[in-house]
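A.B. asks: Using only what follows, build the 3D model:
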Amino acid sequence: MALPWKTLDRFTTETETLELRQRGERDFIISLGSQVLMNSMAQRSEMALGTLGCQGLLHHSAPRVMVGGLGMGCTLRAVLDALPPNAEVVVAELSEKMVEWCKGPLASLTDGAVSDPRVTVVIGDVAQLIRDVATDKKSPGFDAIILDLYRGPHARTDKKNDPFYGSRAIERTHLALKPSGTLAVWGETEDEGFTKRMTQGGFTTTCERPGKGGYRHAVFLGKRKA
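C.D. replies: Below is the predicted model of the structure:
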């Protein structure tokens, strides 16, 4: 018989309530209203996102990586595992409560990824952070920008003005990356429109479907043309 879920904490946004629940030692979920946003036992695509997004950076000289969306910290863990000790990782997260959870009940899932000395957490909108970097001529830019948001690109995405996946956002992200930098984006499924916009925005683009069998999420990868 499955163990019952125990609610560890909750907080309310303007419209919804998020809850952190646990059963067993490593089985956690984060729910938004009636929707399960994240499940600690189903992080395959998130781990692949972090690994693929930082591919080739392990032996890079002091790489800089931006992660949009903290979640349970599993993507961040994969990012850190793919980077050298002198890397710099900036995580943009809207909610301080999510950071608190990752430093508290969820810390054991990621070996304390949020507390890694390479990590700086910025409480704010990753779209604005990308905009700031893109327009700052003194910014060194990033070697990789990894977007692990609760909703990925899809057929109804505003093709021009979506703050993350529209053509204008892709243009800003391109500017925020160093030459040959990587844009990695999590999605529920493949989206040809988004892949096309990335290609038109100056990226060499592929889409991976991590895992074997069953329902598989998508990882969109764009390499900025040098």
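
A.B. asks: Please give me every residue in contact with the residue most central in space within the chain.
C.D. replies: The centre of the chain sits closest to Asp148, judged by Cα atoms, centre = their mean, with a distance of 2.3 Å. Applying Cβ atoms under 8 Å, 6 or more residues apart in numbering to Asp148 gives the contacts Glu46, Leu49, Gly50, Val67, Gly68, Gly69, Gly71, Thr75, Trp186. C-beta here means a position set from N, CA and C on the backbone, and glycine is covered the same way.

A.B. asks: Dump those residues into TSV; add secondary structure and neighbour count as well.
C.D. replies: Shown next, in TSV, are those (DSSP: H, G, I helix; E, B strand; the rest coil; neighbours: other Cβ atoms under 10 Å):
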residue	secondary structure	neighbour count
Glu46	helix	25
Leu49	helix	30
Gly50	helix	28
Val67	strand	31
Gly68	strand	24
Gly69	coil	20
Gly71	coil	23
Thr75	helix	30
Trp186	strand	26
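
A.B. asks: any chance of these in a markdown table, with distance to Pro210 and pLDDT too?
C.D. replies: Output for those, formatted as a markdown table (distance: Cβ to Cβ, whole Å; pLDDT from 0 to 100):
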| residue | distance to Pro210 | pLDDT |
| --- | --- | --- |
| Glu46 | 9 | 94 |
| Leu49 | 8 | 96 |
| Gly50 | 11 | 97 |
| Val67 | 18 | 98 |
| Gly68 | 19 | 98 |
| Gly69 | 17 | 96 |
| Gly71 | 16 | 94 |
| Thr75 | 12 | 97 |
| Trp186 | 10 | 96 |
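
A.B. asks: ok, so of the residues you listed, who is nearest Arg23?
C.D. replies: Closest to Arg23 out of the contacts of Asp148 is Gly71 (18.8 Å), distances taken as Cβ to Cβ.

A.B. asks: can you pull out the strands in the chain?
C.D. replies: 6-12, 17-23, 27-32, 35-39, 64-68, 88-93, 119-123, 142-147, 177-187, 203-208, 218-224 (DSSP state E).

A.B. asks: What is the helix or strand bottoming out on mean pLDDT in the chain packed up against?
C.D. replies: When the helices and strands of the chain are scored by mean pLDDT, DSSP states H and E, strand 35-39 comes last with a mean of 89. When contacts are defined as 3 or more Cβ pairs under 8 Å, 6 or more residues apart in numbering; DSSP states H and E, strand 35-39 packs onto strand 27-32.
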